[in-house]
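> Starting from these lines, generate the structure:
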Amino acid sequence: MLDRFIKPKPSGGIPRGLSTTGPVLFSYGFRPFFLAAALWAIGAMMLWILALVLGIDLAGDYGAAHWHAHEMLFGFSSAVLGGFLLTAIPNWTGRLPVSGRPLAALFGLWVIGRIALLSSGIIGLTFAAGMEALFLPVLLLICAREVIVGRKWKDLKVISGLILLSAANIWFHFSVLGGLDVDAAARLAIGAYTMLIMIVGGRIVPSFTRNWLNKLGRTDFPVPYNRFDTAAILVGVAALAAWTFAPLHIGTAAMALIACFFHTVRLLRWRGSTTWPEKLLFVLHAAYVFVPLGFLAMSAGAIELLSAYPVMHVLTVGVIAFMMLAVMTRASRGHTGRPLVGSAFTSASYVAITGAALIRPLAEMLPAHYHHLVALSGVLWIAAFALFTIEYAPMLARERRSPRAAS
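As a prediction, this is how the structure comes out:
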């Protein structure tokens, strides 16, 4: 019965960057969203620093602290995720990517969300939250349609992550509107992103590593995906669920510690040390290091050896932002037809985001140096995405090239 509504996949090669007459920026999903994510990572952090230093009334009744947390999780991060999925799903399904006017409309919805939340004091808190909450469900519908019509049922795992993020965003807004604690909603979002990194990272990191080693004529390949990887993901999801709803429970500490072990072994099985000469590849392994570190921090937080915010920042800056920057650089080069070789600027951006990821959690752990460490972490964050913008903005916004095969 379902077959009546499913069109067959187009035969032959799938052209990439379908829109060839309009603005280059809207010729493929990664272009507007990666560029906007980098610019918003810089802009939102600068606004947050100004709010801290000058006491600016940021986002009206929404509150500066809530706005900052929201925009890192659902502003910057959702843009990167959108750009990645709108680029990756066509490769997975063999269907044509969203481009041109539909892509511009979706991007516009993301932009409206950013403006609405900043303008909540003018347009009203409820209306602003409602406008902002539209982007993720629309992205979810687009991605779900592509996966279902393309009959890639195994990729529904990724769609489940989008469902959780959409729910977390709405929960976050309702918590702010009701004057409730937003931390549980934030943990759900962090858990959803981490789950997606465990799933998609486990797909691309060993695959890219194998392809690169094969080109060199080597045979010390990563261990292929097997039941151990499935177990690692399931244990990780269980630990994230426990942390979301019971962050200070001994069972959460135990589960997170087990997840740390599984993902440490999983990372070692991918032979990351062999990729050191190729920075664009090595950085994917380096970013994944923060997954077991995040579980270790989660375990420590559950028994109150760490407070809540260092745990969150290990995950948000280390796991999510670091992996997103790594993916943005590689995908931007690969899908604009450039060699998959990291430049000095790219390497410097990796160093900066690593520094931000390591320093930010220390701020709560060293209260005497809190403001200095927060400032340093913020500067490194801005530097990481400024370096990305300087190098990659011309590739994303101006130059149209045929993509290289993924490797």
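
> hey, let's count contacts and neighbours off CA atoms from now on
OK.

> Now the element after the longest helix seen in the chain, going C-ward?
For the chain, the helix that runs over the most residues, judged by DSSP state H, is helix 183-215. Sequence-wise, the next helix or strand downstream of helix 183-215 (DSSP states H and E) is helix 227-245.

> List the buried residues of that following helix.
Residues of helix 227-245 classed as buried by neighbour count (16 or more other C-alpha atoms under 10 Å): 229, 232-233, 235-244.

> try stretch 46-59
So for stretch 46-59, counting by 16+ other C-alpha under 10 Å, buried means 48, 49, 51, 52, 58, 59.

> Go through the strand or helix carrying residue 158 and flag the buried ones.
Counting by DSSP H and E, the element that carries residue 158 is helix 156-177. Going by neighbour count (16+ other C-alpha under 10 Å), the buried part of helix 156-177 is 158-176.

> Contacts only, for the closest residue in space to residue 104 that isn't next to it in sequence.
In space, and not counting its chain neighbours, residue 104 is closest to residue 26: 6.1 Å by C-alpha to C-alpha, 6 or more residues apart in numbering. The contact partners of residue 26, by C-alpha atoms under 8 Å, 6 or more residues apart in numbering, come to 19, 32, 99, 100, 101, 103, 104.

> how about the residues you listed, which pair is most distant?
Distances among those were taken as C-alpha to C-alpha; the most separated pair is 19 and 32, at 13.3 Å.

> the more surrounded of these two?
residue 32 (23 against 19; other C-alpha atoms under 10 Å).

> re earlier: possible to save the buried residues of stretch 46-59 as a markdown table with secondary structure, pLDDT and distance to residue 294?
A markdown table is the format used below for the buried residues of stretch 46-59 (DSSP: H, G, I helix; E, B strand; the rest coil; pLDDT from 0 to 100; distance: C-alpha to C-alpha, whole Å):
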| residue | secondary structure | pLDDT | distance to residue 294 |
| --- | --- | --- | --- |
| 48 | helix | 92 | 24 |
| 49 | helix | 90 | 25 |
| 51 | helix | 89 | 28 |
| 52 | helix | 85 | 27 |
| 58 | coil | 87 | 30 |
| 59 | coil | 88 | 30 |
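
> Closest one to residue 254 out of those, please.
residue 48 (35.2 Å).

> List the residue ranges of this protein that fall below the pLDDT cut-off.
When residues are selected by pLDDT under 70, those of the chain lie in 1-22, 399-407.

> measure residue 35 to residue 25 for me?
9 Å (C-alpha to C-alpha, to the nearest Å).

> between these two, what contacts are shared?
Both residue 35 and residue 25 are in contact with residue 396, where contact means C-alpha under 8 Å, 6+ apart.

> Please flag which of the contacts of residue 26 sit within helices.
Per DSSP H, the subset of the contacts of residue 26 in helices is 32, 101, 103, 104.

> Can you tell me which of those is nearest residue 395?
residue 32 (11.1 Å).

> What is the neighbour count of the nearest residue to residue 72 once chain neighbours are set aside?
In this structure, residue 72 finds its nearest non-sequential neighbour in residue 41, 7.5 Å apart by C-alpha to C-alpha, 6+ apart. For residue 41, the neighbour count with other C-alpha under 10 Å is 22.

> list the contacts for residue 41?
72, 76, 381, 382, 385.

> What about these, which are in strands?
Judged by DSSP state E, strands contain none of the contacts of residue 41.

> mind putting those residues in a markdown table, distance to residue 219 included?
Listed next are the contacts of residue 41 as a markdown table, based on distance: C-alpha to C-alpha, whole Å:
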| residue | distance to residue 219 |
| --- | --- |
| 72 | 40 |
| 76 | 39 |
| 381 | 37 |
| 382 | 40 |
| 385 | 36 |
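
> could you dump those to TSV with neighbour count and distance to residue 150?
As requested, those are exported to TSV (neighbours: other C-alpha atoms under 10 Å; distance: C-alpha to C-alpha, whole Å):
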residue	neighbour count	distance to residue 150
72	19	32
76	25	28
381	24	38
382	25	39
385	24	34
